[in-house]
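1. sequence and predicted structure are below.
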Amino acid sequence: MKESINTPSNSRRKFLKSGMYLATGIPVMQIFPVKASITGRFGKTDSNSDSDLLYEAFLNPPAAAKPFVRWWWNGNKLSKTEILRELDVMRDAGIGGVEINPIAFPGGDDMNIPTLTWLSPEWIEMVKIALKGAEERGIICDIIVGSGWPFGAETLEGDDRSQLLTLTGKKVSGKSKVTLKIEDIINDAKPHVNANKGADYELYAVALAPVSMDRFESPDWQSFDPKSEILEVNVPEGEFILYSLVKCTGFQAVINGAPGAGGPVLNHYNKEATEKFLNRMSDTLFPRIKDIKGFRALFCDSMELEGANWCPDFLSEFRRRRGYDIKPYLPFILFKVGGMGARVESGEITVLTGEAIETVARARYDFYTTCMEIITDRFLVTYTKWCNRHGFKSRMQPYGNEFHPLEASLQIDIPECETWMWGHTNKEENSMYTDFIHENSATNVNKFVSSAAHLSGKKIVSCEEITNTSFVFRTTLEQVKICGDQSNLSGVNHSILHGFNYTPMEVPFPGWIRYGTFFNERNPWWKYFPQWAAGKARLSSLLQETEAFADIAVLHPLADMWTIHGPQRDPFPRLQYPSYQYKIWEAIHKNGCACDYTCESIIQKSTVKNGFLVYGKRKYSTLILLEVETMQPATAKSLEKFAASGGKIILVAKEPHKAPGLVNHRENDKKVKETTASMKRISSGRIFTVESPKDDIISWFGDISKQCGIKPYMIIDKPCSAVSQIRHRAEGKDIFFIANSSQDKSFKLNLTFPQSKGNPQLWDAETGHRRALPAGNSINIDLQPAGSQIIVFDEKPFRPLTDLPDDFPFNPEPLVINGWTMRLEHINNTSKTMEIDAPFDLSKNEATRSFAGTIVYEKRLGDISGYHYLDLGKVYGESEVFIDGTASGNRWYGRHLYNLTGDASGKLLQIKVTTTVGNFLKSTPENHASHWVKHGGWVPCGIAGPVSLL
């Protein structure tokens, strides 16, 4: 046996029993399997006689806390047998609920299975089968309204379809007559979106405006014959911009809509159209399922309305709400629309300078806030009332160009955000990777949505989780964990996994794949999925049953952004204003504090008490304004009262000095400016002006927290970009969730909890065990890569029923093991054996890079007396270890460290590593699903090592 010895590291020599969990970052029960006296949901969990309902719910989480999946009914090619089979698969994997989601067929071999039409009797029968089957298996059901997104159907007609007012501009000179084909104007103005083929386009208005404008003046509206094919405009002497406003009706098609719910998108600004669309589903489906346990919630997916901004009564509604006519400003507010409502730079427009810039900007703010108000009143409120009227909750992703990113979630029973899995390509190495530290998986809307849920007292913060379009088939379970942990850190407490593809087993590998992370029994690592699901369910149960803590509120400069740039398309805004705005909350949490986002309406409705800004059960001692210059006078007054009562206000870089909107703006500007000055004068010791952050935003917040007297509830001795935390509270308990987002580095940290009382404990989400820590408020932890820990301070002491077995120290001289037999057991049922000196990343070798399946490494051990642990080094995949055929456990994230029970000398060491399937599909371009991995490089695979004994 060829072996080599490496120099020992001091960190590996330290393995004290009293801090074993914290020192290694690996749950004790993984290293030392022990029998524990743990029984049912309300059974015996420790030696205390008093029951602990929170711990019992943690130990045996209910279905509502378990991960749900988006269950894509691909092409509605359904059968009773397959529906029930898949429900069994999901139940056995630890999935607690499904979101029935009919969607367009993704392509591939459809096996000649017919497509059922949404709301047809045959389709409804499949829904009934799914509901009954789910109830029998203890699975909760949600269902999407319609199919695909946004809402729409082939049956929509006229103004019930989405509408957009857009324009095109052209410089003209006079004195002359300009003649244009209306068809050309319309073609030039057509939005570059997911187009509906049956759209109607019409020339709405024509105007002449100056080429440049220093002070605002109304355009000269031109008359035209709407029935004519030609537009003729008499241009007076001089140069002008000829604006042609085009109304597009039914311009957008439902994205991935299945038959029966495809076609044009609904006009979400039209209440009557919304009610008609919703009632079609409730009138057709709900009577047929009245005798079955129904849905928990009705779901509305992404509000990607592609810039829709119009309805038949928009002009009159604007005048009623804002007090003036918006039409003169439309040529200077509207723009040509591209994908997801983005501005397309096209044509020629008036150059605005001086006062005209501000006037148009204020009208722009009014235009967009009116859009938000209309869609809230006519769609959001209507939708939730409809759901509740039929006995269901509303669940929705309420954000996008047309929605207030925080206020919209207040209207929804179960607001939902989204967390993505991002893949990146290293072109030099022809490889792909994920970077959770520099690109948080939690999107920018997560904190808005979770904050709204906290403010409105909602129990569940839902998340479309592990959304995956760039790393499909390549994602490991370790990456799933990090991504999911980042969701929880952003305020999420329930996962809707993206997703589970309905696909019969007879469909060729990998089956019908619409999107997602290949959550499927054909995924080689599916057998380990229940371990992740169990831990996720316990964490979700704990977070759902406790109250998220925050004593800092953050106000974004939304009014400034909307005035200057217009609203952004969340969750992927074209710009961030300021550029660091979505990094602030992360810096706050990584410094041992916690925050919610807030907004002007919340601040205005809040009360002030003893230095706190109070809204419902939430109260904040500090308010941070991110370069806020514009706010309503009433907001400024509320801030003044807050500061006067003892609250702290931190003004980052700028201070409020003007009001939004056009009407009475000079008077309102004066009010805001005077209130800010008064606030700073009266409460000078509690108003802080700080510079905006530069590169190191974590250190920036650490510095200003000291400057402004912000006291963290968790003092982290070495804050870093990879580690973050949240705090929850329940009666008698202080709860902390801490997670490491690095896939490669461990972090040794000292944590001090100055506000926490009681006995510190570790709650292990993977096993359900809890264990007492040494008394005191200072804890040393070693977070392994992708590791996370739950620390609970409990006012009640407890004595566990189980004790740790005696442990052994690491050998001071780690022994690297070389000389292996490697067997590649491919998912295509082939096998290959190789003799290797040391394990290596299979993606680096052309002969092995296309492998997918199980890698088996075998080695007959020599005399290893004095060594008690096996460290596999870096592993890309999930590992299991066997000694002479006896299992020693498995690892699917972090450090792959195993306890070698007894003397393993002379025994056969076998290591099994399970891979992803991405590299295999990349090497088989003839497979229909390979388009997901066509672009980008190979992903690391197998043991990179070194494998050593400790």
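-> Happy to help now that I have it.

2. how about the contacts made by the residue sitting furthest away from the middle of the chain?
-> Farthest-out residue of the chain from its mean C-alpha position, per C-alpha atoms, centre = their mean: residue 175, at 56.7 Å. When contacts are counted by C-beta atoms under 8 Å, 6 or more residues apart in numbering, residue 175 touches 235, 236, 237. Yep, even glycine has a C-beta here, placed from its N, CA and C like the rest.

3. partners of the helix or strand it falls within in the sheet?
-> Using DSSP states H and E, residue 175 maps to strand 163-181. Strand pairing for strand 163-181, using DSSP bridges, gives strand 230-249 (antiparallel).

4. quick revisit: quick one: distance of the strand holding residue 175 to the chain centre.
-> 43 Å (C-alpha atoms, centre = their mean, to the nearest Å).

5. and after that strand, which helix or strand comes next?
-> Strand 163-181 is succeeded, C-terminally, by helix 182-189 (DSSP H and E).

6. can you pull the buried residues of that following helix?
-> 182, 185, 186, 188, 189 (16 or more other C-beta atoms under 10 Å).

7. which helices and strands sit right next to it?
-> strand 163-181, strand 200-210, strand 230-249 (3 or more C-beta pairs under 8 Å, 6 or more residues apart in numbering; DSSP states H and E).

8. tilt between it and strand 163-181?
-> 130 degrees (axes from the mean of the first three to the mean of the last three C-alpha atoms, to 10 degrees).

9. which residues are contacting helix 182-189?
-> 166-168, 201-203, 228-231, 244, 246, 248, 336, 346-347.

10. quick check: end-to-end length of stretch 75-86?
-> From its first residue to its last, stretch 75-86 covers 16 Å (C-alpha to C-alpha, to the nearest Å).

11. and it, how far out from the chain middle?
-> 29 Å.

12. could you give the average pLDDT over that stretch?
-> This predicted structure assigns stretch 75-86 an average pLDDT of 98.

13. what residues does that stretch touch?
-> 71, 102-106, 110-111, 113-118, 123, 126, 129-130, 133, 258-259, 500, 502, 504-505, 512.

14. just the buried residues out of those residues, in PyMOL syntax.
-> Remark: buried members of those, expressed as a PyMOL selection using 16+ other C-beta under 10 Å:
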select buried, resi 71+102+103+104+105+106+113+115+116+118+123+126+129+130+133+258+259+500+502+504+512
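
15. among the contacts of stretch 75-86, which are in helices?
-> 123, 126, 129, 130, 133 (DSSP state H).

16. which among the residues you listed gets closest to residue 148?
-> residue 123 (14.9 Å; C-beta to C-beta).

17. quick one: the closest one from residue 103, how far?
-> Per C-beta to C-beta, to the nearest Å, residue 123 is found 13 Å from residue 103.

18. one step back: from the contacts of helix 182-189, which shows the smallest pLDDT?
-> residue 346 (80).

19. count the residues that sit near the residue nearest to that residue when sequence neighbours are not counted.
-> In space, and not counting its chain neighbours, residue 346 is closest to residue 336: 4.6 Å by C-beta to C-beta, 6 or more residues apart in numbering. Using other C-beta atoms under 10 Å, residue 336 has 22 other residues around it.

20. right, and residue 336 touches residue 193 too?
-> No - the criterion here is C-beta atoms under 8 Å, and residue 336 misses it with residue 193 at 11.2 Å.

21. so where's the protein uncertain?
-> 1-51, 799-808 (pLDDT under 70).

22. the closest residue to residue 213 other than its chain neighbours: neighbour count?
-> Distances taken as C-beta to C-beta, 6+ apart put residue 356 closest to residue 213, at 4.5 Å, once the chain neighbours are dropped. By other C-beta under 10 Å, 19 other residues sit near residue 356.

23. so residue 356 sits in a helix?
-> Yes - using DSSP: H, G, I helix; E, B strand; the rest coil, the assignment for residue 356 is a helix.

24. number the chain from 161, please
-> Let's use 161 as the start, then, which means that last one is residue 516.

25. where's it relative to residue 369, distance?
-> As judged by C-beta to C-beta, residue 516 and residue 369 stand 11 Å apart.

26. identify the bridge partners of the nearest residue to residue 975 once chain neighbours are set aside.
-> Residue nearest to residue 975 in three dimensions, not counting chain neighbours: residue 1109, with 4.3 Å by C-beta to C-beta, 6+ apart. Here residue 1109 sits in beta bridges with residue 975, residue 1030, going by DSSP bridges.

27. burial measure for residue 1109, as a count.
-> Neighbour number of residue 1109 under other C-beta under 10 Å is 22.

28. residue 973 is in contact with that one, correct?
-> No - if you go by C-beta under 8 Å, residue 1109 and residue 973 don't touch, sitting 9.4 Å apart.

29. for residue 919, give me phi and psi.
-> Main-chain dihedrals, residue 919, degrees, to the nearest 10: phi -100, psi 120.

30. could you pull up the residues touching it?
-> 932, 933, 935, 953, 954, 955, 956, 957, 958.

31. about what we covered before: buried only: go through the contacts of residue 335 for me.
-> residue 395.

32. output the contacts of residue 335 in CSV; the columns should cover distance to residue 679.
-> As requested, those are arranged in CSV below (distance: C-beta to C-beta, whole Å):
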residue, distance to residue 679
395, 62
396, 65
397, 68
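
33. quick revisit: among the contacts of residue 919, which one sits closest to residue 638?
-> Of the contacts of residue 919, the one sitting nearest to residue 638 (C-beta to C-beta) turns out to be residue 933, at 26.1 Å.

34. give me the element the nearest residue to that closest one once chain neighbours are set aside is part of.
-> Setting aside the residues directly before and after it, residue 933 is nearest to residue 920 in space (C-beta to C-beta, 6+ apart), at 4.1 Å. Using DSSP H and E, residue 920 maps to strand 919-923.

35. in its sheet, which strands sit next to that strand, and in what direction?
-> strand 930-932 (antiparallel), strand 948-954 (antiparallel).

36. can you give me how far that strand is from the chain middle?
-> The answer for strand 919-923 is 29 Å, by C-alpha atoms, centre = their mean.

37. before we move on, what about stretch 782-794?
-> 26 Å.

38. quote the end-to-end distance of that stretch.
-> Taking C-alpha to C-alpha as the criterion, the two ends of stretch 782-794 lie 19 Å apart.

39. again, but for stretch 593-610
-> Span of stretch 593-610 from end to end, C-alpha to C-alpha: 29 Å.

40. what residues of it count as buried?
-> 593-594, 596-597, 600-610.

41. ditto for stretch 246-264
-> Buried, per 16+ other C-beta under 10 Å, within stretch 246-264: 246-247, 250-251, 253-264.

42. what number of residues lie near the closest residue to residue 1101 other than its chain neighbours?
-> Of all residues not flanking residue 1101 in the chain, residue 1002 sits nearest, at 4.2 Å (C-beta to C-beta, 6+ apart). Residues within reach of residue 1002, counting by other C-beta under 10 Å, total 27.

43. need phi/psi at residue 529.
-> Torsion angles, degrees, to the nearest 10, at residue 529: phi -70, psi -30.

44. isn't it right next to residue 722, touching?
-> Yes - using C-beta under 8 Å, residue 529 is in contact with residue 722, at 7.0 Å.

45. anything in contact with each of these two?
-> With C-beta under 8 Å, 6+ apart, residue 529 and residue 722 have common neighbours residue 820.

46. which one of those two has more residues nearby?
-> residue 722 (23 against 20).

47. specify the local secondary structure of that one.
-> Residue 722 is classified as helix under three-state DSSP.
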